[in-house]
Each structure stands twice: as C-alpha cells, then as structure tokens.
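Participant: no sequence on hand, only this structure:
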C-alpha cells in the first residue's frame, strides 16, 4: 500500500515538473519575433556579464541608461555603471530565470523575470540572491533593442 502511494506521489510530482517545464517553454514559443528580439538583448547582456565581458554588457544599454544595482539607489553615470559591473563580475555570477514576460508598445518594451544568482565572494563564501527584474527597453533606429532602465530589485517595495 505504501509503495502504491509513493508511486502515485512520484507520478504526480513528475507530471507537475513536466507541466511547469512545458509552460515555461510555451511562454517562449508564444513570443512574437519582436518579443524574442527584446529577450535576445537580455540574454546577450546576461551571458556577457557571466563571462566578465563588460564591454559587451555595456553595448546592451543606451548611453544614459539607469541601473538599480541596490534598491532605491539608481545609477546613471556610465563610468560608475561599468565599475559596478566589473566589481560584481568578480563573484563569478551565474543567473537562472524562471520565465520571461515581454510587453511591447511602439518602440518601448518591458521585460519582467524572476531570477536567482549564485556566486562566490573572493574569500570563497557562497553567495545566493534572488529577485524580480524589471527592465525597460527602447527599439533603436537600426532595429536593435537597448535597455533604458534595469531594475533587478523590482520586488523591493513588496519586501518592506
């Protein structure tokens, strides 16, 4: 009897996991080409950051972009932004996302995603953070999407 109950429970868990994976995959499949282009900018920036390619990271932002590295502390100076990315890359961050939403109106888009980040401090201490990223992007004349506002702490007000 216990074996049957455990087997049923295992099947329910497996079915749930497959459903979640399919739901996440379907979100991406249902995106329009424009939405995929927006997501491509996000993915390019994330990959470049994880590879410590800060020059490539910076190409994903408009020159006057605002980034909120810490809640309630936006930074718009491109030199300060570069320095923050360089310092943060030293923890060897690895990001995972649990789905993406992209909304577009005209030449403005929003990208929303829950994220988790793992890394290691210089002393070897494990670092784990999570949040809700909200980014605003603008389509450029060449068709490329660049970030205007990048707030990886969109959940901040909910946690107060």
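Facilitator: All right, it came through fine. Keep in mind the model is a prediction, meaning the values are calculated, not measured.
Participant: backbone dihedrals for residue 147, both of them.
Facilitator: Backbone torsions of residue 147, given as degrees, to the nearest 10, read phi -80, psi 140.
Participant: list the contacts of it.
Facilitator: 41, 45, 60-62, 65, 135-137 (CB atoms under 8 Å, 6 or more residues apart in numbering). Placement of C-beta: from N, CA and C, glycine included.
Participant: please redo it, this time with the cut-off set to 7 Å
Facilitator: Neighbour list for residue 147: 41, 60-62, 65, 135, 137 [criterion: CB atoms under 7 Å, 6 or more residues apart in numbering].
Participant: buried subset of those?
Facilitator: Buried members of the contacts of residue 147, counted by 16 or more other CB atoms under 10 Å: 41, 60-61, 65, 135, 137.
Participant: export those to JSON lines and tack on distance to residue 150, pLDDT and secondary structure?
Facilitator: What follows is these, written out as JSON lines (distance: CB to CB, whole Å; pLDDT from 0 to 100; DSSP: H, G, I helix; E, B strand; the rest coil):
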{"residue": "41", "distance to residue 150": "11", "pLDDT": "98", "secondary structure": "helix"}
{"residue": "60", "distance to residue 150": "9", "pLDDT": "98", "secondary structure": "coil"}
{"residue": "61", "distance to residue 150": "7", "pLDDT": "98", "secondary structure": "strand"}
{"residue": "65", "distance to residue 150": "7", "pLDDT": "98", "secondary structure": "strand"}
{"residue": "135", "distance to residue 150": "5", "pLDDT": "98", "secondary structure": "strand"}
{"residue": "137", "distance to residue 150": "9", "pLDDT": "98", "secondary structure": "strand"}
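Participant: for those residues, which two are the farthest from each other?
Facilitator: Spatially, the most separated pair among the buried ones among the contacts of residue 147 is 41 and 65, at 11.8 Å (CB to CB).
Participant: start to end distance for stretch 136-148?
Facilitator: Stretch 136-148 stretches 6 Å from its first residue to its last (CA to CA, to the nearest Å).
Participant: and that stretch, which residues are buried?
Facilitator: 137-139, 145-148.
Participant: on that earlier part again, which one of the buried ones among the contacts of residue 147 is nearest residue 120?
Facilitator: For the buried ones among the contacts of residue 147, the nearest to residue 120 is residue 60 (24.5 Å; CB to CB).
Participant: does that closest one really touch residue 39, like I thought?
Facilitator: No. If you go by CB atoms under 7 Å, residue 60 and residue 39 don't touch, sitting 12.0 Å apart.
Participant: quick one: low-confidence parts of the protein?
Facilitator: 1-29 (pLDDT under 70).
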